[in-house]
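[1] Task: produce atomic coordinates for the following.
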Amino acid sequence: MFIGCLFLGMLQTGYAQKPTRKQLEERRASLIAEMQQLSRLRETNKKKEISLLTQVEDLDQQIKVRSDIIKVTNRQANLLTQEINENLNKMDNLRDELKDLKDDYALMIQKSYKSKSGQSKIMFLLSSESFKQAYKRMQYMKQYANYRKKQGDQIKERTALLQQVNTDLIQQKKDKDALIAENRLARKELDKEKQAQDALVAQVRKKSNVYAAQIRKKQQETDEIDRQIDKIIADAIAASNVKAGKSKSNKKFALTPEEKTLASNFASNKGRLIWPVERGRISRRFGKTRHPTLPNITTYSSGVEIETSPNEKVRAVFKGEVLKIQNVSGSNLAVYIKHGDYITVYYNIKKITVKVGDKVDFKQSIGEVGLNAFNGKTILKFLVRKNNTKLDPSDWVKGM
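    Numbers count the residues shown, from 1 in each chain. Below you'll find the model as predicted:
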């Protein structure tokens, strides 16, 4: 997902209610931005020694995003079709209403012309049998004049409304034609990408055992890093309890009043935290994931992996204190930031700009994203924990 784009979140986001044109346009803009980011990253990766397996994964992600763009564009075109039909019905109703108003108005003008002389009006008043009747006749004449003016105003109003609906209709048809044309081109690109994917998959399957072994080895290394993270946080929890005069066997941080407030503030910002990098896309999500090409291969991630541009700055997602800086085999360094009893972990960082014990602020730079040794990409892995409970970062970071 491309950061800074509205709407969040969302390759898999659905609509509980009928989406508006604005919502669909925002969604489409977000997907197009993500596609552009994917294209930029793929161009960068072409200059590197990227494995065949990684190329398949990249292309699979691009196909998914392209398919989502086509789906959203179709929804936009369908919504425009509905609006066009509604406006056509509205124009028919307005024409009928305008005709009735004009006919009624013409009849009034005709009657007024026959009795337009001032003398006939005076005679109408003078022929009254009483002052009360003369007064009522005067009121009637005023009401008739007002009604005539109102009818004229309504004709002007309906004419203007009809013209506006017609203008909207013309624009809607142009917008729909443009969307259909864009989708036609997108489908051609999708067909090309699927053909390229089929060719790559065929190559991968020839050496499926080799690639499966590589993935399993990488997963074992990832699992070992997760065990190290668990131990580092467990040791920090034990140290906090010893310092507070409590049993070090406690599984939760012993918090000071200030840390309790910080933890509460962190929790209240669930779903609103910033991304740990300014620009990037999710290349691997939290939890179990089936490999797109190799059958029976499932991987697990305790956080999210964000692919970004070389030398991208890493920033703290919330204020806190640097708890640990860890050397991670094959992943440069990892920085742990404590927010009360919440921990955010950022690993595969180079050029660290903080040290243990530093107080960091929201958005503060803590280093740069390094290269991933397994696939040669610039990838940051980001984790969120409460004590030692693994949390899905997508639930905490806005639009992830």
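
[2] does residue 231 belong to a helix or a strand, and which?
    helix 208-243 (DSSP states H and E).

[3] And residue 324, by the same measure?
    Per DSSP H and E: residue 324 is located in strand 320-327.

[4] Could you spell out the sheet neighbours of that strand, each with its direction?
    Strand 320-327 pairs in its sheet with strand 333-339 (antiparallel), strand 359-360 (antiparallel), by DSSP bridges.

[5] how far is it from where the chain is centred?
    Mean-position distance between strand 320-327 and its chain equals 31 Å (Cα atoms, centre = their mean, to the nearest Å).

[6] what inclination does it have with respect to helix 208-243?
    Going by axes from the mean of the first three to the mean of the last three Cα atoms, to 10 degrees, strand 320-327 is angled at 130 degrees with respect to helix 208-243.

[7] Of all the residues in strand 320-327, which ones are buried?
    320, 321, 322, 323, 324, 325, 326 (16 or more other Cβ atoms under 10 Å). Any C-beta I mention is one placed from the backbone N, CA and C, and that applies to glycine too.

[8] downstream neighbour of the helix holding residue 231 in the secondary structure list?
    helix 257-268.

[9] which strands and helices sit next to that next one?
    Contact here means 3 or more Cβ pairs under 8 Å, 6 or more residues apart in numbering; DSSP states H and E; on that basis helix 257-268 packs against strand 333-339, strand 342-350.

[10] Which helix or strand lies directly C-terminal to it?
    Proceeding N to C from helix 257-268, the next assigned helix or strand is strand 281-284, under DSSP H and E.

[11] hey, C-alpha coordinates of that following strand in PDB?
    Extracted C-alpha coordinates of strand 281-284, given in PDB (Å, rounded to 0.1, in the frame of the first residue of the first chain):
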ATOM      1  CA  ARG A 281       4.400  -0.800  -0.100                       C
ATOM      2  CA  ILE A 282       3.600  -3.900   1.900                       C
ATOM      3  CA  SER A 283       5.400  -6.800   0.400                       C
ATOM      4  CA  ARG A 284       4.500  -9.300   3.100                       C
END
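
[12] quick one: average confidence on it?
    For strand 281-284, mean pLDDT rounds to 88.

[13] hmm, back to that, which strands and helices sit next to the helix holding residue 231?
    Counting contacts by 3+ Cβ pairs under 8 Å, 6+ apart, helix 208-243 packs against helix 52-114, strand 298-301, strand 320-327, strand 333-339, strand 342-350.

[14] hang on, isn't residue 377 packed against residue 371?
    Yes: counting by Cβ atoms under 8 Å, residue 377 does reach residue 371; the two are 7.0 Å apart.

[15] Who has more neighbours out of these two?
    residue 377 (21 against 16; other Cβ atoms under 10 Å).

[16] Now the more buried one. Nearest residue, chain neighbours left out?
    Spatially, and ignoring its direct neighbours in sequence, residue 377 is nearest to residue 307 (5.6 Å; Cβ to Cβ, 6 or more residues apart in numbering).

[17] Let me see the contact set for the nearest residue to residue 226 once chain neighbours are set aside.
    In this structure, residue 226 finds its nearest non-sequential neighbour in residue 302, 5.0 Å apart by Cβ to Cβ, 6+ apart. Residue 302 is in contact with 222, 226, 229, 286, 383, 390, counting by Cβ atoms under 8 Å, 6 or more residues apart in numbering.

[18] Look at the fifth one and report its pLDDT.
    At residue 383 the predicted local confidence, pLDDT, stands at 98.

[19] Now do residue 293: how many residues are near it, please.
    19.

[20] that's a helix at it, yeah?
    No: counting by DSSP: H, G, I helix; E, B strand; the rest coil, residue 293 is not found in a helix; it is coil.

[21] quick revisit: run through who's touching the strand holding residue 324.
    Contact with strand 320-327 is made by 228, 232, 236, 262, 266, 333-340, 343-344, 347, 352, 354-360, 366, as judged by Cβ under 8 Å, 6+ apart.

[22] Apply 6 Å and report the result again.
    Residues from elsewhere that reach strand 320-327 (Cβ atoms under 6 Å, 6 or more residues apart in numbering): 232, 236, 334, 335, 336, 337, 338, 339, 354, 356, 358, 359.
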